[in-house]
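>>> predicted model and sequence below, questions to follow.
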Amino acid sequence: MKHLLTCLFIGCLVSPAWGAEPAMTLEEFVQKLEKANPWTREKIEVLLGIKFTKTVPGDRTDYIAYEQFEYVKGLIIKDVDLEVQGGTKETHILTLTLDNKSSCFTWEQIEKSYPGGYSDPVDEHMREVSYVKKQPWGELGFVFGYTKKGECLIEIMIATNAWIKKRDKPSPTLDYFLNNSIKK
């Protein structure tokens, strides 16, 4: 009996913060993520019940957690990546990658929950496409790719206005290259 109680107690300690809410929908999960703005390392660890185990420092610091949690019935996260600006610690991107054991959440489901978004190719070969919904704080992205179950959600991404501004800022090096190669 003592061992059973110990296992149950330890199991409660390592289960995710949302593990006790099996009735939560995908939409409720995403809304909880959105409400966590501003997304800091500490806040995400508490919110998701994870511990970032790998840090890749530099101009942009990546905090990565390779864990597997089921927050919503059928939504199994296999890793979480939080990218922040190296000097300012300002959050740029939060990415949650789904495990291929997850249920198939479809484009239609996401579009119904987040109307008014747009399609954006993730790669040049259109193997992955994202549904992007503009928000006051940036963009909420849902990446879809081909799985054994068909075209399904494979990633949820939050891109902040700070990242979008940096992403959309023209590159002087690229502009110089393009202008000079066109003239030749």
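Nice, thanks for sending it over.
>>> then stretch 78-92 to CSV, C-alphas only?
Taking Å, rounded to 0.1, in the frame of the first residue of the first chain, the C-alpha atoms of stretch 78-92 are listed here in CSV:
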residue,chain,number,x,y,z
LYS,A,78,6.2,16.2,-28.0
ASP,A,79,8.3,19.4,-27.6
VAL,A,80,8.0,23.0,-26.7
ASP,A,81,10.4,25.7,-28.1
LEU,A,82,10.4,29.2,-26.7
GLU,A,83,12.6,31.7,-28.6
VAL,A,84,13.5,35.0,-27.0
GLN,A,85,15.7,37.9,-28.0
GLY,A,86,19.2,37.2,-26.5
GLY,A,87,19.8,40.7,-25.0
THR,A,88,16.3,41.9,-24.1
LYS,A,89,14.7,38.5,-23.3
GLU,A,90,11.7,39.6,-25.3
THR,A,91,9.7,36.7,-26.5
HIS,A,92,9.6,36.1,-30.3
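>>> tell me which residues of it are tucked away?
By 16 or more other C-beta atoms under 10 Å, the buried positions in stretch 78-92 come out as 78-85, 90-92. All C-beta atoms are positioned from the backbone trio N, CA, C, and that covers glycine.
>>> what about the residue most central in space within the chain, helix or strand, and which?
The chain has T95 as the residue nearest its centroid, 2.2 Å off, counting by C-alpha atoms, centre = their mean. Using DSSP states H and E, T95 sits in strand 91-98.
>>> how about K32?
Counting by DSSP H and E, K32 is found in helix 26-35.
>>> okay, the angle between that helix and strand 91-98?
Angle of helix 26-35 versus strand 91-98, following axes from the mean of the first three to the mean of the last three C-alpha atoms, to 10 degrees, is 160 degrees.
>>> any idea of the mean pLDDT in helix 26-35?
For helix 26-35, mean pLDDT is 94.
>>> circling back: ok now do the residue nearest to the centre of the chain, which residues does it touch?
Residues near T95 by C-beta atoms under 8 Å, 6 or more residues apart in numbering: 80-83, 155-158.
>>> is it bridged to anything, and to what?
D81, M157 (DSSP bridges).
>>> ok, so what distance separates I76 from T97?
Using C-beta to C-beta, to the nearest Å, I76 is found at 10 Å from T97.
>>> other residues contacting stretch 151-161?
30, 33-34, 39, 90-98, 102-107, 110, 128, 130, 137-147, 167.
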